[in-house]
Every structure is written in structure tokens, then in C-alpha cells.
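Q: I'd like to go over a predicted model; first the sequence, then the structure.
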Amino acid sequence: MSTSDKLFDFASDWFKEKGWEVFPFQKETWRAFFESRSGIVNAPTGSGKTYALFLGALMSYLQKYQFAQSGPAIIWVTPIRALAKEIKISIEKAIDGFGLDWEVGIRSGDTKSNARKKQWTKPPEVLITTPESLHVLLATKGYSRFYKGLHAIIIDEW
């Protein structure tokens, strides 16, 4: 059994434990990540897009690396700051379900300067941010070091 099959089975079992069903579009999204494809997921609100995208990125990352690299592994971009906390809660559930000790951080215009500095010097494995804050990070001296371990960028609410 391949690593991707084992991860798919693990994710499917995690869904079952939660009393959820894995939908075909979620499995298709997971496969797309394993095949290094990009694309758009178009599904109704509340249908499981967050888990389709995040678990796809997470599982393809875990297949490639045994442990977290430097910098964020996954960046989730949302234009609506109010959604960041909701997304963080969902992502943390998945991280806990996979038994990982990963940090999820939020960076927006509301993030205090001491938290921004910490995120820059010791980035979380998953960073949820806004387009404006991402732009600031890209314009910061030394940005290539920050993004060295980046595996996936998810753009939400395009």
C-alpha cells in the first residue's frame, strides 16, 4: 500500500470518527494535491471545501517530508479577516486528528507587532493571512528564507 493510500485511509477514518462522509470532490481534491496539480474547488458553503483543500495540502506534504521544514508549510489566504478564526479552528481539528504538533497562526492588519515579529522569526507551520498581509511578507527583506519550506498556497473566497 502506497503512502498516499495510507494517508487517504487515515483521513477517511478520521472523517468516519467525526460522523462525516468523504465526498467525491474531496477525494478528487486530495488526489490533485498528490499529483502536484492546481485548480479551483467550487462547492456550496458548508460542504467541506476547507477539509478538501487543507487535507489535500497536508497529506501531500506529509508524503513528501517526514517533518516540518523551515517556514510555513501551508499558507491559507482569505480576504475576509472574520473567516480566519473559523478556518483556524477547522485546520487545528485536522492537525489534531493527524496527531501533529503544528502551530496555526493568523496574520492580518489586526495582528499585534510582537506577534508579527514572532511569526517572522519562528513561523507557524500553517499561516492564515489576508492578501494585504501576504503582500507585506513578500516585500520584506529576507522573504525567500521565510518561504523556503512552503508547500502549498490556498486562496479562499476568490
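A: All right, it came through fine. Everything numeric in this text was worked out from a predicted model, so none of it was measured. Numbers count the residues shown, from 1 in each chain.
Q: how about the strands in the chain?
A: 74-77, 104-107, 126-129, 152-155 (DSSP state E).
Q: mind listing what's buried in the lowest-mean-pLDDT helix or strand in the chain?
A: Least confident helix or strand of the chain, by mean pLDDT, DSSP states H and E, is helix 143-146 with a mean of 88. For helix 143-146, a neighbour-count test (16 or more other Cβ atoms under 10 Å) marks residue 146 as buried. Placement of C-beta: from N, CA and C, glycine included.
Q: what number of residues lie near residue 56?
A: By other Cβ atoms under 10 Å, 24 other residues sit near residue 56.
Q: Then the one 5 residues further on?
A: Using other Cβ under 10 Å, residue 61 is surrounded by 19 other residues.
Q: likewise residue 112?
A: 8.
Q: try residue 2
A: Neighbours of residue 2 (other Cβ under 10 Å): 9.
Q: Look up the pLDDT of it for me, please.
A: Residue 2 is assigned a predicted lDDT (pLDDT) of 84.
Q: how close does it sit to residue 34?
A: Counting by Cβ to Cβ, to the nearest Å, the gap from residue 2 to residue 34 is 9 Å.
Q: cool, and residue 4?
A: From residue 4 to residue 34 the distance is 5 Å (Cβ to Cβ).
Q: anything in contact with each of the two?
A: Common neighbours of residue 4 and residue 34, counting by Cβ atoms under 8 Å, 6 or more residues apart in numbering, are 59-60, 63.
Q: filter those residues to the buried ones?
A: Neighbour-count burial (16+ other Cβ under 10 Å) is assigned, among the shared contacts of residue 4 and residue 34, to 59-60.
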